[in-house]
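S.K.: Sequence below, structure please.
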Amino acid sequence: MEMKKVLKQAAALIFLIVFVAGCAGTKSKSEMNAEREAVRTLTAQTLDQLYQKEPAAKGAVANAAGYAVFSDFGFKVMVMGGAGGKGMAVNNATKQETFMKMAEFQPGLGLGAENYRLVLIFWNTDAFNTFVTSGWEFGANAMAAAKNRSGGGGAAGAVTFGHGVRMYQLSDTGAIVGVSITAAKYHKDDDLN
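M.R.: Now for the predicted structure:
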């Protein structure tokens, strides 16, 4: 019975955080421009850190159809965890930026919070366009399958998905860490596009 109570409390906490974030209100044009610039700066810093740790990733990003970078803040309370973040996707052919959001769910024991960043590299245009226009939703099964794939061609330290996507996860200090996302949803940020 105690476990049900903990699960209900954790679910309530996650709902409260999502609700408060959603009630932030309408932003002014200058606030939106500042937020876009912060995402661009974070993207450049994240890519620089990735290239320092995995130099071959620079060629992989440059030769891909597109890429996306996200900053994520995650937390775990007992048996439930979640995260949310912002980022942007860039089409390498057109240089078009699309600002995006992500939400993540991580079941499992734990307590604490962490910041990390994700870099997604899209090898084909269809995968990139689907990601940007329709968003993506990964489940635990997709992540488990992806973790079992090897990534060659500049993808050391990356997880490779079957549909032409590679993912790096970096800690807030820039160290490459094992990808631990178990379920995530990516979608356009209507406020910033």
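
S.K.: Which residue ranges of the protein form helices?
M.R.: Using DSSP state H, the helices of the chain run over 2-22, 29-53, 56-63, 125-134, 140-147.

S.K.: for the chain, what helix or strand is lowest in average pLDDT?
M.R.: helix 140-147 (a mean of 42; mean pLDDT, DSSP states H and E).

S.K.: So, low pLDDT: which residues of the protein?
M.R.: Residue ranges of the chain with pLDDT under 70: 1-25, 73-83, 105-114, 137-158, 160-163, 172-183.

S.K.: how about a cut-off of 80?
M.R.: 1-27, 72-84, 104-116, 135-164, 171-184 (pLDDT under 80).

S.K.: Spit out the contact partners of residue 100.
M.R.: 68, 70, 86, 87, 88, 89, 132, 135, 186, 187, 188, 189 (CB atoms under 8 Å, 6 or more residues apart in numbering). Placement of C-beta: from N, CA and C, glycine included.

S.K.: And for the fourth one, the neighbour number?
M.R.: Using other CB atoms under 10 Å, residue 87 is surrounded by 24 other residues.

S.K.: One more: the last one?
M.R.: Using other CB under 10 Å as the criterion, residue 189 is surrounded by 18 other residues.

S.K.: again with the third one
M.R.: Here the number of neighbours of residue 86 (other CB under 10 Å) works out to 21.

S.K.: Relative to residue 191, how far out is it?
M.R.: Here residue 86 is placed at a distance of 10 Å from residue 191 (CB to CB, to the nearest Å).

S.K.: where do the contact lists of these two overlap?
M.R.: Common neighbours of residue 86 and residue 191 (CB under 8 Å, 6+ apart) are residue 35.

S.K.: Now a ChimeraX select for only the buried ones of the contacts of residue 100.
M.R.: This is how ChimeraX selects the buried members of those, with burial counted by 16 or more other CB atoms under 10 Å:
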select :68,70,86,87,88,89,132,186,188,189
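
S.K.: Report the two of the contacts of residue 100 separated the most.
M.R.: Across these, the longest distance by CB to CB is 14.6 Å; it joins 86 and 132.

S.K.: What residues does residue 26 make contact with?
M.R.: Here residue 26 is in contact with no residue (CB under 8 Å, 6+ apart).

S.K.: What separation do you get for it and residue 191?
M.R.: Distance, residue 26 to residue 191, by CB to CB: 8 Å.

S.K.: Who is residue 171 paired with across the strands?
M.R.: residue 116 (DSSP bridges).

S.K.: wait, it sits on residue 72?
M.R.: No - applying CB atoms under 8 Å as the test, residue 171 and residue 72 come out as separate, 10.9 Å apart.

S.K.: out of these two, which sits in the busier spot?
M.R.: Comparing residue 171 with residue 72 by other CB under 10 Å, the one with more neighbours is residue 72, at 21 against 13.

S.K.: any idea how far that one is from residue 84?
M.R.: 7 Å.

S.K.: To what extent is residue 33 buried, counted in neighbours?
M.R.: If you count neighbours by other CB under 10 Å, residue 33 ends up with 12.

S.K.: I am finished for the moment; much appreciated.
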